[in-house]
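Peer 1: Task: produce atomic coordinates for the following.
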Amino acid sequence: MTDAARSSLKPREPWRQRLIRTLLFGRNVDRSAKARARVGFAIVAFAAIYAVIGGRLIMFAVSGDGHAARLTAAQDAIATARPDIVDRNGEVLATDVKAPSLFGEPRRIIDKDEAIELLTATLPDLDTSEVRDRLSSKKGFVWLKREITPLQQLEIHRLGIPGIGFLRENKRVYPTGAEVAHLIGLVNIDNQGIAGMEKWLDSNGLADLHRAGFATDRLQRPIELSVDLRVEHALRDELLKAKEKFHAKAASGLVSNVRTGEIVAMVSVPDFDPNNPKEAHDPDRINRLTTGVYELGSTFKAFTLAMALDSGKSDLNSMWDARGPLHYGRFTIHDDEPKGRFLNMKEVFTFSSNVGAARIALSQGVEAHKAFLRKMGQMERLRTELPESASPILPKKWSELNTVTIAFGHGIAVAPLQAVMGIDALVNGGYLIPPTFLKRSEPEAMALAKRVIRPETSEKMRFLMRLNAEIGTARKADVKGYYIGGKTGTAEKVVNGRYVKKRVLTAFTAILPADNPQYQLLVMLDEPQPLKETYGFITSGWNAVPTGGNVIARIAPLLGIEPRFDLPPSDRLILAASKTTQ
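Peer 2: Next up is the predicted model:
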C-alpha cells in the first residue's frame, strides 16, 4: 500500500481539537519560539507571585503583630472612648488619654519559658502562673497587662520577644483627683462606668454607642455638670479641716441652687481618688449624701412648722405649751434648754424646742403629718442621675408617738440630699424641684417643679431661718454682709437599738441670702468630739454651724453674691414685703 493510501486511511482530526490548536499555535508559527515565550511568561508569573508573598512576609515581620488580632482589639479600644466630663465653667473633671497595653499571641511565641521569665522580670507585678496560663492557651490574642507606662513599654520592646506586642487604649484619668470623686465616680479596666456620673453615662446611651462602634472620640461632646469646681474645692477644704479639728468620723456637705435644683458642690470625706480605684472599695468612703440615710434631728423642725403655717391653723404668734416635758406613754420628750413657759412659733424655731415641735405636729394629726412629708419628697427614694441612692427608713406602723418624734427629726431617716430638696422648696417660694447634677436653667426647672406650699408660707420660713441666725442657734454662722438664714440639727445615733447621747450626727443647713435665697448649704459632721473651746458640748451650734460659716465666707463671692451691710432685721426686711401679718 502506498504512503498516500495510508494517509488517506488516518482518522480525521475532530474540529474542536483543530480549533484549539489553531488558537494556541496559529497556522504558521515557529513552535520552538512559542515554547520559549511560554516558559518566560511562566517564570515572570511565578516571580510576581513569590514577590507578593515575600512582601507580605516582610510586612508581618516589620509590624511584629497579628494583624487580625490587632485590628479587632483596636476596634474594641476605640469603642470604649468616653466623652470628657466638665464642670459648669468648662474645667475638665474626667478625660481619656491613650495608654499602651501589653498583649501576647501564644501561637507566635517560640520559647514561652524565656518569654515569661523576661516579662515577669521587667514587670514584677505580673503573676507568673497567670501569664503562663495565658501564653499556653491556643488563642490568637491574650491580654497580659492593661495600661502600662511608656517606660515599661520601651523596656519590653527592647527585649524583642516575638509574639509580644502593644496596643494603645483609652485610659480614663481624673485631673482633679479626689475633689469630685463621689460625684464623678469611676470606670473599670475596660473604660466602662461602674459608679457615679460615669455609670450614668453608660446607662444613658453610651453603652449602646459602644456596642454599635460609634462611640469614638470625634463623635462625643463633653458632658457639662452643674458642679462648680471652685466651690467644690472650698467646701471640701473646710470639711477636711472640721473633720480634723473636731476629730469627727466623717464630714459631708453640699451646695444646692434653690431655684433650679442644681447641685453646685457635693463632698463626702473620707473620699477616694478615682485614679486609684482600690480606694473606692473601702466601706468608710461611701457617699453619705445619697447612699446614706440618717436621722437629721432638729433640721426636720423646719418641715413641722411649715406644715402648721401652710395649713392656716397656726401663725407665727401661735402659742405652744413648753412649760415642762411632754409625757407620751412610757416616753418623755424634753427640751435641751427648757424655758418653762409657753412659746410662740418663732421661739419654738429659734430655741429649737422639741416639746413645741411635738405639740405642733400633734395639732395637725398623724395623717396630715404623713401627707405633708410625702408631698415634700421625704417618704420615697430620691432618684437622680447618680445611680447610688438609698430609700428612707420609715416607721412600719405610723402612730401618734411616731408623729411626736418625727416632728423633731427622730424616728425617720432620709438621705441628706432628700432633705435638702425639701428645704429648697420651703424657701424658694414653695416649689419642689428634683435635684440634678447636670446644668439646668430656671425655665427648665420650673417645667419640672411642683408647688407644695403657699408663697406666704415660704416667706415666713425664710423669716424664721433668718431670725435663727440673728438670735437663735445659727448665730455662729452669720457671716456679715451675706444675710444668711439657717437651722441646726443634732441627732443622737442609734447603737444596738438604743440612742447614745455622746455619739451624735450634727447638721446645719443655711440659705443665702435669706431675703431672696439663691443657694442652700448643708454641713454634716459624724460623731464630732467635745473640745475645750466648745466647753465640752458636741451639739451642732458648736461645730457644724461655725464650719458652715467658714464655708459661706469662702463660697459666697465665688457664687456671685455681693455683700450687703447695714440691712434691717428679718422682721422688717422679709416680713414687711409679705401680704400677710406675723
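
Peer 1: Quick check: the gap between residue 95 and residue 473.
Peer 2: Distance from residue 95 to residue 473, counting by Cβ to Cβ, to the nearest Å: 44 Å. The C-beta positions use only the backbone N, C-alpha and C, and glycine is treated the same way.

Peer 1: Same question for residue 419.
Peer 2: 17 Å.

Peer 1: Give me the more crowded residue out of residue 95 and residue 473.
Peer 2: residue 473 (25 against 17; other Cβ atoms under 10 Å).

Peer 1: Next, give phi and psi for that one.
Peer 2: Main-chain dihedrals, residue 473, degrees, to the nearest 10: phi -80, psi -10.

Peer 1: Any idea how many residues pack against the residue nearest to it when sequence neighbours are not counted?
Peer 2: Using Cβ to Cβ, 6 or more residues apart in numbering and skipping the chain neighbours, the partner closest in space to residue 473 is residue 488 (4.4 Å). Per other Cβ under 10 Å, the neighbour tally for residue 488 reads 27.

Peer 1: close enough to count as contact, residue 488 and residue 540?
Peer 2: Yes - with contacts counted by Cβ atoms under 8 Å, residue 488 reaches residue 540, the gap being 4.0 Å.

Peer 1: overlap in contacts of those two?
Peer 2: Common contact partners of residue 488 and residue 540 (Cβ atoms under 8 Å, 6 or more residues apart in numbering): 298, 473, 506, 507, 508.

Peer 1: For the third one, which three-state class applies?
Peer 2: The reference is to residue 506. Following DSSP: H, G, I helix; E, B strand; the rest coil, the label given to residue 506 is strand.

Peer 1: If it is in a bridge, with which residues?
Peer 2: With DSSP bridges as the criterion, residue 506 is bridged to residue 490, residue 525.

Peer 1: so where is the protein shaky, pLDDT-wise?
Peer 2: Along the chain, the model assigns pLDDT under 70 to residues 1-13, 15-38, 41, 57-80, 205-220, 577-582.

Peer 1: Next one: residue 98 from residue 458, what distance?
Peer 2: Taking Cβ to Cβ, one finds residue 98 at 52 Å from residue 458.

Peer 1: And for residue 360?
Peer 2: Separation of residue 360 from residue 458 (Cβ to Cβ) stands at 18 Å.

Peer 1: Please apply the same query to residue 410.
Peer 2: 26 Å.

Peer 1: picking that back up, looks to me like the residue nearest to residue 473 is in a helix.
Peer 2: No - using three-state DSSP, the assignment for residue 488 is strand, not a helix.

Peer 1: rewinding a little: who's more crowded, residue 98 and residue 458?
Peer 2: residue 458 (23 against 10).

Peer 1: Not counting its neighbours along the chain, what's nearest the more buried one?
Peer 2: Nearest residue to residue 458, sequence neighbours excluded (Cβ to Cβ, 6+ apart): residue 430, at 4.6 Å.

Peer 1: burial count for the one you found?
Peer 2: Around residue 430 there are 21 residues (other Cβ under 10 Å).

Peer 1: Does it touch residue 454 like I think?
Peer 2: Yes - the criterion here is Cβ under 8 Å, and residue 430 meets it with residue 454 at 6.0 Å.

Peer 1: contacting residues for residue 380?
Peer 2: Contacts of residue 380 (Cβ under 8 Å, 6+ apart): 374, 391, 392.

Peer 1: Of those, which is the nearest to residue 158?
Peer 2: Using Cβ to Cβ, residue 391 is the member of the contacts of residue 380 that lies nearest residue 158, at 56.6 Å.

Peer 1: Quick check: closest non-adjacent residue to that closest one.
Peer 2: What sits nearest to residue 391 in space, not counting adjacent residues and going by Cβ to Cβ, 6+ apart, is residue 381, at 4.1 Å.

Peer 1: Return the residues in contact with that neighbour.
Peer 2: By Cβ under 8 Å, 6+ apart, the residues touching residue 381 are 389, 390, 391, 392.

Peer 1: Now, of these, which are buried?
Peer 2: Buried subset of those (neighbour count, 16 or more other Cβ atoms under 10 Å): 389, 390, 392.

Peer 1: Could you dump those into CSV with secondary structure and distance to residue 549 added?
Peer 2: Converted to CSV, these look like this (DSSP: H, G, I helix; E, B strand; the rest coil; distance: Cβ to Cβ, whole Å):
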residue, secondary structure, distance to residue 549
389, coil, 30
390, coil, 29
392, coil, 29
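
Peer 1: Redo these as JSON lines? Include distance to residue 328.
Peer 2: Formatted as JSON lines, these follow (distance: Cβ to Cβ, whole Å):
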{"residue": "389", "distance to residue 328": "33"}
{"residue": "390", "distance to residue 328": "29"}
{"residue": "392", "distance to residue 328": "23"}
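
Peer 1: ok, so of the residues you listed, who is nearest residue 250?
Peer 2: Nearest member of the buried ones among the contacts of residue 381 to residue 250, counting by Cβ to Cβ, is residue 390, at 15.6 Å.

Peer 1: is it true that that closest one touches residue 294?
Peer 2: No - using Cβ under 8 Å, residue 390 makes no contact with residue 294, being 9.9 Å away.

Peer 1: who's in contact with the residue nearest to residue 293 when sequence neighbours are not counted?
Peer 2: What sits nearest to residue 293 in space, not counting adjacent residues and going by Cβ to Cβ, 6+ apart, is residue 413, at 4.2 Å. By Cβ under 8 Å, 6+ apart, the contact list for residue 413 reads 293, 294, 295, 392, 393.
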